[in-house]
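> Compute the structure for the input listed below.
(2 chains)
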Number of protein chains: 2
Amino acid sequence: MGLKPAIMAHSPARIYETAFWVTPSKGRGIVRTGTSPSCPDVLQARYPFTTLLHQGRIENVFISDIEKRGYRVQRPWTISGFESSSHDVKYPIAVRLAHIDGTASEVVRTKYLFSGEGSRSLIRKQLDINIRYKEPPTDVWSVIDGRVRTDFPDIKMSCSIHSEHGSVMVIPRENDMVRFYAQLPAARHGSTKSKQAYTEETQQLLKKALAPFFIEWEHVEWSSTYRVRQGIADRYGVDRRIFLGGDACHTHSPKAGQGMNTAFLDSQNLAWKIHMVERGFAHRDILDTYEHERRRVANALIEFDNHYAKLYANGPQWSTARPSAAAHESLKSESDFSKAYVESRAFVSGYGIRYGKNILNWSPDHPATSPHFQVSRGTLAPGGLFVTADVTRVEDANLVYLEQAVPLNGSFRIMVFAGQPSRASSALRDLSQNLGNGNSFYTTSQRPDIESVSWHEKHNPHSLLFTFCVVFAAKRSEIDIDEHVPGLLSRYRHHVYADDRHCGANPTNQLAAAHAKVGCDAQRGLVVVVRPDGYVGAMVRLVEGSGTADALQQFFTAISAGTKLPSS
Amino acid sequence: MGLKPAIMAHSPARIYETAFWVTPSKGRGIVRTGTSPSCPDVLQARYPFTTLLHQGRIENVFISDIEKRGYRVQRPWTISGFESSSHDVKYPIAVRLAHIDGTASEVVRTKYLFSGEGSRSLIRKQLDINIRYKEPPTDVWSVIDGRVRTDFPDIKMSCSIHSEHGSVMVIPRENDMVRFYAQLPAARHGSTKSKQAYTEETQQLLKKALAPFFIEWEHVEWSSTYRVRQGIADRYGVDRRIFLGGDACHTHSPKAGQGMNTAFLDSQNLAWKIHMVERGFAHRDILDTYEHERRRVANALIEFDNHYAKLYANGPQWSTARPSAAAHESLKSESDFSKAYVESRAFVSGYGIRYGKNILNWSPDHPATSPHFQVSRGTLAPGGLFVTADVTRVEDANLVYLEQAVPLNGSFRIMVFAGQPSRASSALRDLSQNLGNGNSFYTTSQRPDIESVSWHEKHNPHSLLFTFCVVFAAKRSEIDIDEHVPGLLSRYRHHVYADDRHCGANPTNQLAAAHAKVGCDAQRGLVVVVRPDGYVGAMVRLVEGSGTADALQQFFTAISAGTKLPSS
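All right, here's what the predicted structure looks like:
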């Protein structure tokens, strides 16, 4: 999305590691049992840390970006109701908007309605969609943000502390602030205590939990208490016109920092699909994949959250009822906990998310049946994220992060890993020719203004739905775009890359490190269809003849036809 | 300075390589003879590319930063004259300012006056300082900025083209623009031709020089002609109160992009020295090092420029007068040219600049005579830039670029490479204790508000002139700040680092790669005094006892006393 620089300009805290602290089973106070990376090397994360920043600042980055594009978020307005009508075919939904102070209201007719209204969603209520909760809420947590003085050595780290006085999480924030989560006895929730009293109780608890280290408060910025309650909506929308996302359809503990992130990814998942439908390319049926894909993530999140929260609540077996429990007991539980933490990183970082098979994620059940489709290659599989890889752009010798080469602009990115330039030439010529056929998905999705497209257009010279990248397993100086990239593919000069960069995790494989990641050698090419949201849709072998183009044609024809998978 | 994100937010072009093109001695048109990196690996540049952006945008980044700090650049005002007066001891210079439209004027009394007014500097004229030119100007160049359509394959690269029709430089810019420099016959300069005519002549020349490739203009943004004239002022200032910088004291061809950069570095060099003097720490004599250091750079720049310009003007021996010159002749000249290019990169990138010995750059001639001073270690020597190195901050496990760890805030950075934590403990304790002595440079430069310094102050808890960093040759998890960093050094928690990162150029030496760069092993420590502008001032061995602190004391005492080196 290109929003990273604006977010990082706020100098957010970066968490590279989490530290685990416990009260030793024989003893008082707390000791560090170890640390664990935010993004273990195996994930090959582009940015191997967690970024901590006030949600309001992140939202402002999005709002500014929206405004740069000529749109405006109107505030403070709310939705007071809506009606669907079959009379208006183009804009079937009428939404009643009301100014929050009651002074104004209006009705807007729309094609789609997305509820990002949070857990008390009016749209969900009007649709009579139920939230199914996992179990009644029990744990009560207190959260407090501010600036402290302390000699606790890991105050700049993310910490999980299991003390004899209770469980605490430490999360560093921007501007030397810190957030603490502390577990309170359940019975105290709903009491008549004032917020101030809760804050002071939490501060007392933290003082005890962090002992023998001291902690003093310079400033409390914000504090609150909440109960952990995991729930998920029965449905994510109706009529392929009205959709729920974020807290409106799934709720969970905020501690893993997944609330805002999951909400963003919900709407991003839906947005590009609506784009494909509204451009007339994809069948409206594909909108069902929104719930199919995002419910799976919400379920996994709630399961993880539930599991993690329980481990947290139980903690190591130090409880005062068992003051003489064996040391082993405590360490075993703690190791369960940090094991759960490590396992969670693939999920929490996003790199471990894998969508199930459907019309957008190829599988042997898919209506596209060419023998050239691949079930998995290297670390890739349909439904999973594309790899991170450093490559060199041929036309200007710039270092490029391949996964970010094409901005998030609603287009499929067709990544052609071509191997050696000389070996690939016939296959590339055949691919290029077949893509250019009058009936191909590429030709039929041509942009209407193709005659007046700028000479300098880099991503969408022919179609607003597709961008091609060609990656060669060769040094930059050995690649001649005019010679090695034929036909319509040559129009994507900006996206011709040399796979000649050293790849952090694999220094022995300096040449063609990106090819290796996608399971290619320099001889056999591969075409990876990357969906507009960065997930792999399909993988097809690069072969001479029409095989590769035919397979792509099958895949995109199925998306246009709206065929359903037998299993979905 | 922390201005990089704001500059990079403009998406400037990045030049990683320059391509060389010539007309082959037997043949027409042009062919590529090779490419050369902007920053060869040997430089170990942090950002191994050249950044191209309109000067006005870069200046605006500086102006915004000045405004954020509560100051404002008043425009359009000019200096109409000034007087020095010994009556006012504190503000001995009276400067007459005038609004450009003549409607207003005022007199400002000041401690210092810096002329950054460009080559027609009024201040220089009033001081009667002469510019000494290398030789009379001969070459005439035309420069043209704009957007083109072309099939020249290296249009996104920096290119040096020696065609049978003339010499051309291609410089890519932001927003798909490109800058061309083209050499015109000298006789045409000063003719009565209109600017439009020059632009058209240049466009014609480019058309011929780039053949067989086509070039068409979409838009000309700006164009101009100029003569190359290398000159340098006889003096860089008077009275240690009035100084010249930038084009006011040195002029040269703009093609290496060194005009603005050299001017920035002139003023940066002076600024921190004035800071040291005005804080009462350094003797006013150190201001003489401004001219000593920066004249050397200007001389080197002019020499390089002169040499490069001549090579350019002569080019390979293709001239039409010798249409049948041997192929060898042409290639030999071209290789001279690209060799000069390669040699220039250390200088142009800044990594190759080395200031001479003076009171700020230790040498055996320096009045500080401790045997623990080091003439050079690893790639380091006094007067040269500090190394680039990746380290891990111990308190938060963040990746840190060591050379950027302390912001440019006018402080010396004392970098302690301590080797293994256990071995270093006595030496560090001794250093810490001796720094804390009542008479040490560190104690006597204590900030006046030391009692009220924030708990969260990271860089200057005790002194506004010094920041300490301690780097251990150990894994982060093996370092315990409270145990391994004693006394006053422990107040710099934020700047305690583990030298445990993979270091690009040296994958086999994963542990202690930064130590290796500064010529340390894990056993023998080194203290590097890095000046506020990032150049090395002195290097002292880290030893047990008072030796290290004594050597530092000698070095900084000399700076305070204003002693002169015999040679300077």
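
> Just the helices from chain A, written as ranges.
Listed in chain order, the helices found in chain A under DSSP state H are A:4-8, A:55-68, A:122-126, A:195-210, A:259-278, A:288-314, A:327-349, A:421-435, A:441-444, A:481-484, A:513-517, A:547-561.

> any idea which of these is most buried?
Comparing the helices of chain A by mean neighbour count (mean count of other C-beta atoms under 10 Å in any protein chain shown), helix A:513-517 ranks first with a mean of 24. (Each C-beta comes from the backbone N, C-alpha and C, glycine too.)

> Near A:G534, how many other residues are there?
Residues lying near A:G534 (other C-beta atoms under 10 Å in any protein chain shown) number 16.

> which bits of chain A sit near chain B?
In this structure, chain A approaches chain B at residues A:5, A:8-9, A:13-17, A:35, A:49, A:147, A:149, A:151, A:153-157, A:172, A:176, A:218, A:392, A:395-399, A:455-456, A:477, A:480-482, A:502, A:504, A:507, judged by C-beta under 8 Å from any C-beta of the partner chain.

> Drop anything exposed from these.
Among the residues of chain A next to chain B, those scoring as buried are A:13-17, A:35, A:49, A:147, A:153-157, A:172, A:176, A:392, A:395-398, A:477, A:481 (criterion: 16 or more other C-beta atoms under 10 Å in any protein chain shown).

> May I have the phi/psi pair for the closest residue to chain B within the stretch 401-550 of chain A?
Checking the stretch 401-550 of chain A residue by residue against chain B with C-beta to the nearest C-beta singles out A:H456 as nearest, at 4.3 Å. Comment: the main-chain dihedrals of A:H456 come out as phi -90, psi 0, following degrees, to the nearest 10.

> Give me the nearest residue to it, chain neighbours excluded.
When the adjacent residues along the chain are set aside, A:H456 lies closest to B:D176, with 4.3 Å between them (C-beta to C-beta, 6 or more residues apart in numbering or on different chains).

> thought the one you found was touching B:R147?
Yes: with contacts counted by C-beta atoms under 8 Å, B:D176 reaches B:R147, the gap being 5.9 Å.

> who touches both of these two?
In terms of C-beta atoms under 8 Å, 6 or more residues apart in numbering or on different chains, B:D176 and B:R147 are both contacted by the residues A:H456.

> start to end distance for stretch A:119-131?
One end of stretch A:119-131 to the other measures 9 Å (C-alpha to C-alpha, to the nearest Å).

> Excluding its own residues, what touches that stretch? List them.
Stretch A:119-131 is contacted by residues A:78-82, A:113, A:115, A:117, A:231-235, A:238, A:242, A:244, A:247-249, A:251 when judged by C-beta under 8 Å, 6+ apart.

> distance between stretch A:94-106 and the chain's centre?
Once both centres are worked out by C-alpha atoms, centre = their mean, to the nearest Å, stretch A:94-106 turns out to sit 33 Å from its chain's centre.

> returning to what we had before: narrow the residues of chain A next to chain B to those in strands?
Secondary structure from DSSP state E places A:13-15, A:17, A:35, A:147, A:149, A:172, A:218, A:392, A:399 of the residues of chain A next to chain B in strands.

> Spit out the contact partners of A:A514.
Contacts for A:A514 were tallied using C-beta under 8 Å, 6+ apart; they are A:387, A:389-391, A:402, A:417, A:471, A:497, A:499, A:501, A:503.

> By neighbours, which of the residues you listed wins?
Taking other C-beta under 10 Å to define a neighbour, the member of these with the most is A:F417, carrying 32 neighbours.

> Low-confidence regions, the stretch 1-150 of chain A specifically.
Within the stretch 1-150 of chain A, the ranges that satisfy pLDDT under 70 run A:137-138.

> What does the pLDDT read for A:T192?
If you check A:T192, the pLDDT there is 65.

> got the contact list for the residue lying closest to A:A9 once chain neighbours are set aside?
Closest residue in space to A:A9, ignoring its immediate chain neighbours: B:P5 at 5.8 Å, by C-beta to C-beta, 6+ apart. The neighbourhood of B:P5, defined by C-beta under 8 Å, 6+ apart, consists of A:5, A:8-9.

> from those residues, which single one is nearest B:C39?
A:P5 (22.4 Å; C-beta to C-beta).

> Name the nearest residue to A:K357, sequence neighbours excluded.
A:S363 (3.5 Å).

> Phi first, then psi, for the one you found.
Main-chain dihedrals, A:S363, degrees, to the nearest 10: phi -150, psi 170.

> List the residues that contact it.
A:357, A:375, A:382, A:565.

> what's the distance between it and chain B?
Applying C-beta to the nearest C-beta, to the nearest Å, the value for A:S363 to chain B is 38 Å.

> Next: A:V387.
20 Å.

> Once you drop chain neighbours, what's closest to whichever residue of the stretch 51-200 of chain A sits closest to chain B?
Taking C-beta to the nearest C-beta as the measure, the stretch 51-200 of chain A has A:K156 as its residue closest to chain B, at 3.8 Å. If you skip the residues right next to it in sequence, A:K156 has B:D396 as its closest partner in space, 3.8 Å away by C-beta to C-beta, 6+ apart.

> and that neighbour, backbone torsions?
Backbone phi and psi, for B:D396 under degrees, to the nearest 10, turn out to be phi -130, psi 0.

> residue contacts, it?
When contacts are taken as C-beta under 8 Å, 6+ apart, B:D396 is in contact with A:13-16, A:156-157, A:172.

> try A:I559
For A:I559, the residues meeting the contact criterion (C-beta under 8 Å, 6+ apart) are A:276, A:281-283, A:286, A:359-360.

> can you rerun that using 10 Å?
With C-beta atoms under 10 Å, 6 or more residues apart in numbering or on different chains as the criterion, the residues that contact A:I559 are A:273, A:276, A:281-283, A:285-286, A:289, A:359-360, A:367-368, A:412, A:441, A:537.

> out of the residues you listed, which are buried?
Buried subset of the contacts of A:I559 (neighbour count, 16+ other C-beta under 10 Å): A:273, A:276, A:281-283, A:286, A:289, A:359-360, A:367-368, A:412, A:441, A:537.

> mind checking pLDDT for A:E329?
Per-residue pLDDT puts A:E329 at 46.

> now do A:E451
96.

> ok, it - how many residues close by?
By the other C-beta under 10 Å criterion, the neighbourhood of A:E451 contains 6 residues.
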